[in-house]
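Q: Sequence and predicted structure below; questions after.
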Amino acid sequence: MADFRASTIYQIYPKSFCDSNGDGIGDIRGIIEKLDYIKSLGVDYIWSTPFFVSPLNDNGYDVEDYKKINPLFGTMKDVEELIAKAEERGMGLMFDMVFNHTSTRHEWFQKALSGDKEYMDYYIFKDGDPEKPPTNWQSKFGGSAWEYVTSLKKWYLHLFDVTQADLNWENPKVREELKDVIRFWKKKGVKGFRFDVVNLISKPDVFEDDTLGDGRRFYSDGPHIHEFLKELVADTGIDEMVTVGEMSSTTLDNCIRYSNPDEKELSMCFNFHHLKVDYKDGNKWELMNPDYRKLKELFETWQTKMEQKNGWNAVFWCNHDQPRIVSRMGDEKKYWKESAKMLATCIHLLRGTPYIFQGEELGMTNAGYGDISEYRDVESINYYQIMLKEGKNEEEALEVLGNRSRDNSRSPMQWNSGKYAGFSESEPWIGIPDNHKYINVAAEEQDSDSILNYYRKLVRLRKQYAVIQNGTIEFIYREQPEVFGYKRLLKGQELLVVNNLTGSEVVLQEILHFEGYEYLIGNYPQEISGDTLKVLKPYESVVLLKRI
Ligand code: GLC
Ligand code: CA
């Protein structure tokens with residue numbers, strides 16, 4: 001399989017990708033039907049979010065059985081066929097391992113609930129006053145992170161939904177069970193893994209109130225995290241596979257350790273700092289325009305430090321938890337095409353492995369839901385109530401959800417302009433934006449200048465040029481917040497990438513001289529003449545290459 005440094009990874013959210021049997025819910029056979037499309041993007045790996053048996057309170061991130069397929073999505077045979085057919089096309093599957101917690105419907109938790117001591121030790125149960133949780137920690141989906149079980153007279157920890165109980169990684173039996181899950185899927189031919197919120201698995205020895213925050217500083221990148229990861233990787237023999245850890249509220253130093261090959265932990269990490277630059281005072285539920293200075297600083301720090309210390313970033317704007325980037329930092333209307341292409345350019349030529357989330361390659365927008373009844377996500381529904389309680393009116397709370405809800409990325413993939421966007425033959429489980437009339441695969445296949453075809457070019461460029469895969473990085477226009485610019489260097493090649501983050505013309509503080517460079521890709525008709533550039537058009541991207 002392809003080296004992850006030369007690879008691009010496509011993310012699928014199965015429930016919203018393609019429905020093969022007309023029940024309104026995407027499924028595994030739907031993915032199989034679309035493998036040629038995915039291949040046409042030029043990607044090397046497909047990461048699918050979970051489709052294991054689950055009550056779907058958090059759409060599969062609440063796993064009831066790690067080795068069985070949820071019948072709603074298909075059968076084990078379908079999954080085997082998916083792996084085989086992807087491989088025939090030269091693509092590897094990456095499965096999503098949710099190892100911080102299980103569903104409370106998991107057999108282990110059910111046994112724990114019945115008072116079985118062995119299984120109680122699989123989770124984090126604490127004694128305490130039924131009126132007062134053991135600590136003041138908050139669940140990431142709102143409310144206390146503890147739930148009281150009357151029959152046991154104990155509380156259990158759930159950093160996410162109350163039906164997602166945190167596993168006790170201190171217990172070696174838990175670690176063995178999870179290794180067994182990896183071995184099971186590895187044997188089936190899976191080529192890599194994504195580890196869900198994996199930097200939260202190591203909890204502190206002492207559980208105490210957090211007087212400064214919601215508790216995260218005690219368990220993010222916790223005390224035994226590196227040991228646990230090393231053990232998991234060594235004992236399952238996955239150090240040569242492509243692996244990515246989702247790191248919640250992490251630090252650069254930890255991500256260097258997670259991803260430096262000498263440490264034998266993971267291939268790369270997702271971090272989310274760059275996706276909080278539009279959170280007012282760090283609060284996801286308070287809107288603010290993106291702070292470009294901060295955005296650029298974060299990219300610069302993470303890119304250059306990871307390079308110096310031989311770590312590796314997963315680079316991305318979108319996933320199933322994030323609003324759509326064109327709505328968030330671009331312009332859905334006037335400069336829809338230009339801004340979507342510019343944002344793609346920023347990410348795909350960085351040092352790191354780029355991820356494309358289904359529909360991003362079409363410039364899909366936020367869903368535009370207007371009523372709370374249109375939302376499906378547990379986090380959105382909880383926070384809607386919390387926002388109302390904290391004093392927002394309905395209109396204000398809906399505006400926040402319209403910008404921040406995870407459902408913005410979970411609306412069905414837009415395949416064509418038909419009634420259900422070619423996603424299904426019947427009404428989907430979640431609504432489809434009207435703009436599927438023109439934002440869809442069929443339309444963009446026809447248009448040589450489409451966002452879709454631009455993504456294909458970017459993916460191809462990474463394959464073609466070693467400088468994109470392995471070049472060093474140096475940031476330029478550092479003092480100009482609206483310009484996202486960098487150079488990539490590798491013996492004999494120099495790449496120059498300049499992007500205007502805004503919808504207005506920008507005069508470059510320093511004229512860009514590009515004598516001896518060739519034009520590689522950009523999002524305006526190629527009009528660059530002469531050998532200097534002074535002004536960038538709205539959302540313009542220019543990429544130049546010099547062979548030294
Ligand atoms: C990750 C997943 C998200 C899920 C959470 C809890 O952040 O991406 O969708 O809700 O973990 O498993
Ligand atoms: Ca279906």
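A: Ah, there it is. Ligands and ions are numbered 1, 2, ... in the order given.
Q: residue ranges of the strands in the stretch 51-200 of the chain, please?
A: 52-53, 65-69, 92-97, 101-103, 125-127, 146-149, 154-157, 164-166, 192-195 (DSSP state E, counting those that start in this stretch).
Q: I'd say F52 and E64 touch.
A: Yes. With contact defined as Cβ atoms under 8 Å, F52 reaches E64; the gap is 7.4 Å. To be clear about C-beta, it is placed using only N, CA and C from the backbone, and glycine gets the same treatment.
Q: Go through the strands of the stretch 51-200 of the chain and name the closest to I28.
A: strand 65-69 (7.3 Å; Cβ to Cβ).
Q: phi, psi of the closest residue to Y420 other than its chain neighbours?
A: Distances taken as Cβ to Cβ, 6 or more residues apart in numbering put P428 closest to Y420, at 5.9 Å, once the chain neighbours are dropped. Phi and psi for P428, reported as degrees, to the nearest 10, are phi -70, psi 160.
Q: Then R257?
A: Here is the backbone geometry of R257 (degrees, to the nearest 10): phi -60, psi -40.
Q: phi, psi of the closest residue to it other than its chain neighbours?
A: Excluding the flanking residues, the one nearest R257 by Cβ to Cβ, 6+ apart is E263, at 5.4 Å. Dihedral pair for E263: phi -80, psi -20, per degrees, to the nearest 10.
Q: residues near Q526, how many?
A: 9 (other Cβ atoms under 10 Å).
Q: on that earlier part again, to Y420, which of the strands of the stretch 51-200 of the chain lies closest?
A: strand 65-69 (24.2 Å).
Q: Relative to the closest one, what are the paired strands and their orientations?
A: Paired with strand 65-69 in the same sheet, following DSSP bridges, are strand 52-53 (antiparallel).
Q: for the partner strand, the distance to its chain's centre please.
A: 20 Å (Cα atoms, centre = their mean, to the nearest Å).
Q: Quick one: residues in contact with it.
A: Contact with strand 52-53 is made by 60, 63-70, as judged by Cβ atoms under 8 Å, 6 or more residues apart in numbering.
Q: Go through those and say which is closest to D434.
A: D434 lies nearest to G60 out of the contacts of strand 52-53, by Cβ to Cβ, at 27.7 Å.
Q: For this protein, which residues are neighbours of ligand 1?
A: 58, 61, 98, 160, 196-197, 246, 320-321 (Cβ under 6 Å from any ligand atom).
Q: Report pLDDT for the residue in the stretch 1-150 of the chain that ligand 1 sits nearest to.
A: Ranking the residues of the stretch 1-150 of the chain by distance to ligand 1 (Cβ to the nearest ligand atom) places Y61 first, at 3.4 Å. With respect to pLDDT, Y61 scores 98.
Q: Nearest residue to it in space, ignoring adjacent ones along the chain?
A: V98 (5.3 Å).
Q: can you pull the contacts of the residue nearest the centre of the chain?
A: Residue closest to the average C-alpha location in the chain (Cα atoms, centre = their mean): N319, at 3.6 Å. Contact analysis of N319 by Cβ under 8 Å, 6+ apart lists 11, 270, 355, 357, 409.
Q: thought the first one was touching H320?
A: Yes. Counting by Cβ under 8 Å, Q11 sits close enough to H320 to count as a contact (7.3 Å).
Q: Between the two, which is the more surrounded one?
A: Q11 (25 against 21).
Q: mind checking the SS state of the more buried one?
A: strand (DSSP: H, G, I helix; E, B strand; the rest coil).
Q: any idea how far T49 is from it?
A: 7 Å (Cβ to Cβ, to the nearest Å).
Q: where do the contact lists of the two overlap?
A: H320.
Q: Isn't D331 up against G503?
A: Yes. Counting by Cβ under 8 Å, D331 touches G503, with 5.4 Å between them.
Q: intersection of neighbour lists for the two?
A: 339, 539.
Q: following the helix or strand harbouring Y258, which helix or strand comes up?
A: Assigned by DSSP states H and E, Y258 belongs to helix 252-259. Sequence-wise, the next helix or strand downstream of helix 252-259 (DSSP H and E) is strand 268-270.
Q: Next up, identify which helix or strand the residue in the stretch 201-350 of the chain that ligand 2 sits nearest to is on.
A: Using Cβ to the ion, the closest approach of the stretch 201-350 of the chain to ligand 2 is made by H320 at 17.6 Å. Counting by DSSP H and E, there is no helix or strand that carries H320.
Q: Tell me where the stretch 301-450 of the chain has strands.
A: Ranges of strands within the stretch 301-450 of the chain are 314-315, 353-357, based on DSSP E, counting those that start in this stretch.
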